[in-house]
Every structure is written in structure tokens, then in C-alpha cells.
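In: what would the 3D arrangement of this be:
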Amino acid sequence: MNNQTLEKLRQLRFYGMHDAFKTSLENTLKEQMTQDQFIHHLVASEWDNRRNRAIARAIKQASFRYSAFMEEIDYTLERGLDRNQVERLAALDFIRDNKNVFITGPTGTGKSYLATALGNKACQEGCKVLYANTAKLMGQLKIAKVKGTILGEFKRIERVDLLILDDFAMQSFDSQSRGIMMDIIEDRHQKKSTMITSQVPVKDWYDAIGEKTVADAILDRLVHDSLRVVLYGESIRKRKAKNENSYQ
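Out: Residues are numbered from 1 along each chain as shown. This is a model prediction of the structure:
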């Protein structure tokens with residue numbers, strides 16, 4: 001009968017409950033619990049399993065460039081990173097309030113890492129996240145426009161709770177990219193959050209976007225009520241290389 005129960009749990013895809021029940025058959029855990037406690041244990045195991053799988057799925061769908069975690073952020077480096085500000089962002093109120101976040105600073109100061117860590121935390125809290133290099137995303141959407149699938153791509157981007165645009169304004173926008181970016185920002189304006197990392201200061205984004213009318217429209221929607229993290233200093237990679245050389 002126990003084998004039949006395990007098989008039914010597997011077929012029902014109650015994998016957490018299946019594993020917990022199977023483990024209980026291999027030890028004396030069941031005998032140590034009341035019926036209520038054992039049922040609670042099985043349900044909690046299924047709950048945890050589904051949550052963990054949902055988080056793993058969300059992280060995979062986010063397409064992060066690399067792994068980054070809030071717990072591993074280094075606050076000892078002198079780069080203008082305020083722990084209190086970062087912890088407030090990690091509370092994710094900006095996503096619930098549909099606010100945008102800008103992380104700017106020189107190359108190598110940890111902008112992408114911070115954005116990814118916040119995105120990872122959002123995934124763990126049940127948010128849908130999409131991470132993309134801005135130039136590559138524009139290229140992909142141009143191809144989608146040629147194929148006639150761009151409306152579906154816009155819908156996919158519009159649905160995510162947090163869109164992370166990395167390396168924004170590193171390349172000047174052409175007319176097609178401006179139109180695509182305008183559509184993305186318009187769809188998300190005051191409905192979803194967008195996080196932008198850039199080596200280019202916010203005041204210079206206007207020139208990178210080009211074409212006055214479109215630049216005004218994009219930046220008006222992006223900048224209004226945004227939160228900003230401004231980093232400074234030398235590349236972390238260069239600092240570490242110097243420190244390693246000094247010990248040799």
C-alpha cells in the first residue's frame with residue numbers, strides 16, 4: 001500500500017510530499033509524530049518543494065548573466081555604496097510601488113552585480129524578472145520585428161514585475177531602437193518597475209537616446225520619481241589585481 005501511495009504522489013506531481021513520505025518509511029520519523037503533525041510535515045514539505053521549484057524557474061527565466069546574492073555584497077570597498085539604501089531596495093517596496101531604479105558609476109564598480117542581486121531577491125519573493133543587456137535586447141527585438149513576433153515580445157516584457165536593463169546608453173540609439181525603447185517604457189510606465197545600470201550619468205542619457213521628442217518622452221517616464229544609486233571609484237577587478245600583485 002505504501003508503494004501505491006508513493007506512485008500516486010509521483011503521478012500527481014506531489015514531489016515534496018512524495019520525498020517526505022518515502023523518507024519517513026526509511027526511518028522512525030512517522031512514529032515520533034501525531035497524525036496531525038505528520039500531515040503538517042507532508043504538506044509543509046510539498047509547499048517548500050513547490051516554492052523552491054518556482055524560485056529556480058523564475059531565476060532561470062530571468063536570464064541573469066551570473067549569480068549574485070544580497071548576502072555577498074561587499075560594503076567594505078570605498079565606492080559610495082550605502083548599506084542602508086541597499087537594504088531598503090532589498091525590501092522590494094520599489095517593485096510594489098512601480099518605481100524605477102538607476103544604478104550608475106564607472107566600469108567595474110559592481111553595478112551589474114548589485115542589480116542582479118536585487119533581481120535574484122525579487123525572484124525569491126515571487127516576482128517575475130527579466131535581465132537583459134540593453135544593446136542585445138534592442139538587436140533581438142529588431143529581429144522579432146522583421147519576423148512579425150515583436151508584439152508577443154512586448155507582451156512578455158510588459159508582464160515582468162522587474163525589467164533590468166544593463167549597460168544602458170553604452171551605444172547610441174538608432175531610430176528603430178528609440179521606437180522600441182519608447183514602446184517598452186510606455187507599456188511599463190507606472191505599472192511595472194524598470195532597473196537600469198549604466199556607466200553613463202543620467203544627465204547624458206538624453207544625448208545617447210537622440211531625437212529630442214522621443215528622448216523627452218522616454219526620460220520623462222523613466223526619471224520621474226526614480227530611485228538612484230551612484231557609485232564611484234576604481235574598478236574592483238583592478239583593485240583586486242593590485243592587491244594580489246602587492247603580495248607577490
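
In: only C-alpha atoms from now on, for both contacts and neighbour counts.
Out: OK.

In: so, low pLDDT: which residues of the protein?
Out: Under the criterion pLDDT under 70, the flagged ranges of the chain are 237, 239-248.

In: walk me through the domains of it.
Out: If you go by automatic domain parsing, the domain ranges for the chain are 2-60, 70-238.

In: from the chain's centroid, how far away is the last one?
Out: Centre-to-centre, domain 70-238 and its host chain are 10 Å apart (C-alpha atoms, centre = their mean, to the nearest Å).

In: next SSE downstream of the helix ranked longest in the chain?
Out: Longest helix of the chain, by residue count under DSSP state H: helix 35-62. Counting by DSSP states H and E, the next helix or strand C-terminal to helix 35-62 is helix 83-90.

In: give the contact list for the most centrally placed residue in the chain.
Out: Nearest to the geometric centre of the chain sits Gly119, at 2.4 Å (C-alpha atoms, centre = their mean). If a contact means C-alpha atoms under 8 Å, 6 or more residues apart in numbering, then Gly119 has 129, 162, 164 as its contacts.

In: restricted to strands, list those residues.
Out: Among the contacts of Gly119, the ones falling in strands (DSSP state E) are 129, 162, 164.

In: how many residues are close by the first one?
Out: Read that as Val129. 27 (other C-alpha atoms under 10 Å).

In: and the second one, by the same measure?
Out: Residues contacting Leu162 under the criterion other C-alpha under 10 Å number 28.

In: show me what contacts it?
Out: Contacts of Leu162 by C-alpha under 8 Å, 6+ apart are 95, 119, 127-130, 192-195.

In: of all the residues you listed, which comes closest to Asp48?
Out: Cys127 (16.9 Å; C-alpha to C-alpha).

In: check contacts around the nearest residue in space to that closest one that is not next to it in sequence.
Out: What sits nearest to Cys127 in space, not counting adjacent residues and going by C-alpha to C-alpha, 6 or more residues apart in numbering, is Asp161, at 5.9 Å. When contacts are counted by C-alpha under 8 Å, 6+ apart, Asp161 touches 95, 127-129, 192-193.

In: so can I have TSV of the contacts of Leu162 showing distance to Asp216?
Out: Shown next, in TSV, are these (distance: C-alpha to C-alpha, whole Å):
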residue	distance to Asp216
Ile95	24
Gly119	28
Cys127	30
Lys128	28
Val129	26
Leu130	25
Lys192	20
Ser193	19
Thr194	17
Met195	19
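
In: report the buried members of those.
Out: Buried by 16 or more other C-alpha atoms under 10 Å: 95, 119, 127-130, 192-195, out of these.

In: my guess is Lys185 contacts Arg221. True?
Out: Check again: residue 185 is Ile, not Lys. Yes. At 7.0 Å, Ile185 counts as touching Arg221 under the criterion of C-alpha atoms under 8 Å.

In: show me the contact partners of the helix or strand hosting Thr194.
Out: Using DSSP H and E, the element containing Thr194 is strand 193-198. With contacts defined as C-alpha under 8 Å, 6+ apart, strand 193-198 is touched by 94-95, 98-105, 111-112, 115, 161-170, 188.

In: which residues of the chain fall in helices?
Out: Using DSSP H, helices in the chain cover 2-11, 15-26, 35-62, 83-90, 93-96, 111-124, 134-147, 150-159, 175-188, 205-209, 212-223, 236-246.

In: in the third one, which residues are buried?
Out: Within helix 35-62, the residues that qualify as buried by neighbour count (16+ other C-alpha under 10 Å) are 38, 41-43, 45-46, 49-50, 55, 58-59, 62.

In: for it, packing partners?
Out: If you count contacts as 3 or more C-alpha pairs under 8 Å, 6 or more residues apart in numbering; DSSP states H and E, helix 35-62 packs onto helix 15-26, helix 111-124, strand 129-133.
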